[in-house]
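>>> From the sequence below, what's the structure:
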Amino acid sequence: MTSSRNFSSTKEILLLGGGHTHALVLKALKRNPIPGVRVVVISDSPYAAYSGMLPALVERQRSFSEAHIDIAALANCVDALFIEDSVIGLDADRSVVTLQKRGEVEGDVLSLNVGILSPVPIRIAQSGDVVSVKPVGPFLQWLATLEDSLRGTHKRIAVVGGG
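Predicted structure coming up:
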């Protein structure tokens, strides 16, 4: 649990999630640091996928590092604390976020950047034959497993939707 709120004039900004918006906040803070502000970035992954690069990543035209933002390194560049953990609770009245491994973290300002989940109807999802592209991390894991299982075979894959 952070406690700077109780003992100093430092203000804590909690950035929950490591998406594009928080990456831009960190880049802005690198150019123009704010005195008296401590930033804590909390994300379940040190990398944020750049979804616009997903087709090139799937086609092996770009590498993982070219298609992802290294949020942990970006946080380090601005002396922000990066915590790799999952949020399991939020108490707005107490200004406290509860993390799965670390417990409670408090802050003065909270920004949520939790990403997107493309919904798949339950009856279709239960078949196990359909996967959502968002969030990108689980999709890439599914794709790697699929590629391993399809070696030497021919299967038809349909893509529904576009972006």
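
>>> Flag the helix or strand of this protein with the lowest per-element mean pLDDT.
Within the chain, no helix or strand scores below helix 4-7, which has a mean of 46 by mean pLDDT, DSSP states H and E.

>>> does R94 belong to a helix or a strand, and which?
Under DSSP states H and E, no helix or strand contains R94.

>>> Skip ahead from the least confident helix or strand of the chain and say which helix or strand is next.
strand 11-16.

>>> Quick check: buried residues in the very next helix or strand once past that following strand?
Proceeding N to C from strand 11-16, the next assigned helix or strand is helix 20-31, under DSSP H and E. Buried residues in helix 20-31, counted by 16 or more other Cβ atoms under 10 Å: 20, 22-23, 25-26, 29. Any C-beta I mention is one placed from the backbone N, CA and C, and that applies to glycine too.

>>> So which elements touch the longest helix along the chain?
Longest helix of the chain, by residue count under DSSP state H: helix 136-150. In this structure, helix 136-150 packs against strand 47-49, helix 54-58, with contacts taken as 3 or more Cβ pairs under 8 Å, 6 or more residues apart in numbering; DSSP states H and E.

>>> If we use 7 Å, what do you get?
For helix 136-150, there is no helix or strand it packs on, judged by 3 or more Cβ pairs under 7 Å, 6 or more residues apart in numbering; DSSP states H and E.

>>> and it, average pLDDT?
Per-residue pLDDT over helix 136-150 has a mean of 83.

>>> Ok, stretch 42-52 next?
Stretch 42-52 comes out at a mean pLDDT of 89.

>>> chain center to it, what's the gap?
4 Å (Cα atoms, centre = their mean, to the nearest Å).

>>> what does it contact?
For stretch 42-52, contacts defined as Cβ atoms under 7 Å, 6 or more residues apart in numbering pick out 14, 16-20, 23, 67-72, 82-87, 97, 99, 136-137.

>>> for this structure, which residue is closest to the average position?
By Cα atoms, centre = their mean, the mean C-alpha position of the chain lies nearest to G18, the distance being 4.0 Å.
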